[in-house]
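Asker: Below are the sequence and a predicted model for it; my questions follow.
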Amino acid sequence: MPRIQLDIAVQVATPRRGVPHATSLRKWATSAAHQSGYRFDAPRFGLVLRIVGNAESRKLNRSWRGKDKPTNVLSFPYIDAPHSSSASARALGDLILCAPVIAAEARDQGKPLTAHWAHMVVHGVLHVLGYDHVKIRDAERMEAREVAILRGFGYQDPYLLIEGSRSAV
């Protein structure tokens, strides 16, 4: 199957300190899509990566998930949206990444900030493509895919803490 093209828009709606360059964000998202195992039915897809602060993340998390707190990543898949023509990119989805939460998690978990950003982007793209981690079997499948993708960038298994136990996303 030919590789799809991703048109990725990066929106930064929070201070940029600690936020990876758009080039890195796009590279991680593209790799996740290409290595996801998803069978794409069009040649081009559009994806939005929106980097936000605590207030916007909290508001969206409360509205969409009923949880009144900011969260690391929210995924909004649009894969079933109608596709008008093969010349335009079909909407794949939106990822909302909360910079302060990602930074705090990396610090608390003793992980390199860049590696944690890569993990959150890969994790979010896999959610957009239908992966989830509600059931143990699905979580194991998703985590294995994430680990393989991140290893390709030279990052360690994000689920292993310093003590060697599995962590939660």
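Answerer: Cool, the structure landed.

Asker: Spell out the residue ranges of the strands in the chain.
Answerer: In the chain, the strands defined using DSSP state E lie at 5-12, 44-52, 73-77, 90-98.

Asker: Need the winner for burial among those strands.
Answerer: Of all these, strand 90-98 carries the top mean neighbour count, a mean of 23, counting by mean count of other C-beta atoms under 10 Å. The C-beta positions use only the backbone N, C-alpha and C, and glycine is treated the same way.

Asker: what is the orientation angle of that strand with strand 44-52?
Answerer: Using axes from the mean of the first three to the mean of the last three C-alpha atoms, to 10 degrees, the direction of strand 90-98 lies 20 degrees away from that of strand 44-52.

Asker: quick one: strands adjacent to strand 90-98?
Answerer: If you go by DSSP bridges, strand 90-98 pairs up with strand 44-52 (parallel), strand 73-77 (antiparallel).

Asker: coming back round to it: including distance to residue 116 and mean pLDDT, could the strands of the chain go into JSON lines?
Answerer: Below are the strands of the chain laid out as JSON lines (distance: least, C-beta to C-beta, whole Å; pLDDT from 0 to 100):
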{"stretch": "strand 5-12", "distance to residue 116": "17", "mean pLDDT": "94"}
{"stretch": "strand 44-52", "distance to residue 116": "14", "mean pLDDT": "94"}
{"stretch": "strand 73-77", "distance to residue 116": "11", "mean pLDDT": "95"}
{"stretch": "strand 90-98", "distance to residue 116": "11", "mean pLDDT": "93"}
